[in-house]
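*Asks:* I would like the atomic coordinates for the input below:
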Amino acid sequence: MSVQLNHTIVYARDKRESAEFFTQLLGLEITGEWGPFVAVALSNGVTLDFATMPEGRIASQHYAFLVSEEEFDAAYALIKERGIEHYADPHREQPGAINHNDGGRGVYFMDPAGHAMELITVPYGGWPA
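*Replies:* Modelled structure (predicted):
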């Protein structure tokens, strides 16, 4: 068996709020709840297991998602409709814009827990020839 990422824990101030933010934005569903986790499955079988951070500060993480052009259009429309601050770059120097890196489109924004989210339509370096 080859090595594959199966799941990762995404800490949040409120696990349900963060999971619902994510599912609504990308047209996904909550696929399970057990113990301290609210799980969201991605199309490649990986789950994001949202968990409420007990006490203390949540360390901001970066999560990048490869999406189709149609998924990008739908998510970006919601980002604009909801007034979510977004940027064309990770350094937040190009507000209210998207990028066209590698011949695709990309956008950066923060989730409710302060994690840096990125949507891209083409993988870094472009599609293999």
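*Asks:* In the protein, what residue spans correspond to strands?
*Replies:* Using DSSP state E, the strands of the chain run over residues 7-12, 30-34, 37-41, 47-52, 62-66, 86-87, 106-110, 116-120.
*Asks:* and the second one, C-alpha only, in PDB?
*Replies:* To tie it back to what came earlier, the one meant is strand 30-34. What follows is strand 30-34, C-alpha atoms only, in PDB (Å, rounded to 0.1, in the frame of the first residue of the first chain):
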ATOM      1  CA  ILE A  30     -20.500  16.800   7.400                       C
ATOM      2  CA  THR A  31     -19.900  13.100   7.000                       C
ATOM      3  CA  GLY A  32     -19.600  12.000  10.700                       C
ATOM      4  CA  GLU A  33     -19.400  12.900  14.300                       C
ATOM      5  CA  TRP A  34     -17.700  10.900  17.000                       C
END
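*Asks:* list the buried ones in that strand?
*Replies:* Buried residues in strand 30-34, counted by 16 or more other C-beta atoms under 10 Å: none are found. Backbone N, C-alpha and C define where each C-beta goes, glycine included.
*Asks:* For it, give the mean pLDDT please.
*Replies:* Mean pLDDT, computed over strand 30-34, is 96.
*Asks:* Check which helices and strands it is in contact with.
*Replies:* In terms of contacts (3 or more C-beta pairs under 8 Å, 6 or more residues apart in numbering; DSSP states H and E), strand 30-34 is packed against helix 15-26, strand 37-41.
*Asks:* Any idea which of these gets closest to residue 100?
*Replies:* Residue 100 lies closest to helix 15-26 among the helices and strands packed on strand 30-34, at 20.6 Å (C-beta to C-beta).
*Asks:* helices or strands next to that closest one in the packing?
*Replies:* strand 7-12, strand 30-34, strand 37-41, strand 47-52, helix 69-81.
*Asks:* Dump these to JSON lines, plus distance to residue 105.
*Replies:* Listed next are the helices and strands packed on helix 15-26 as JSON lines, based on distance: least, C-beta to C-beta, whole Å:
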{"stretch": "strand 7-12", "distance to residue 105": "24"}
{"stretch": "strand 30-34", "distance to residue 105": "27"}
{"stretch": "strand 37-41", "distance to residue 105": "23"}
{"stretch": "strand 47-52", "distance to residue 105": "22"}
{"stretch": "helix 69-81", "distance to residue 105": "6"}
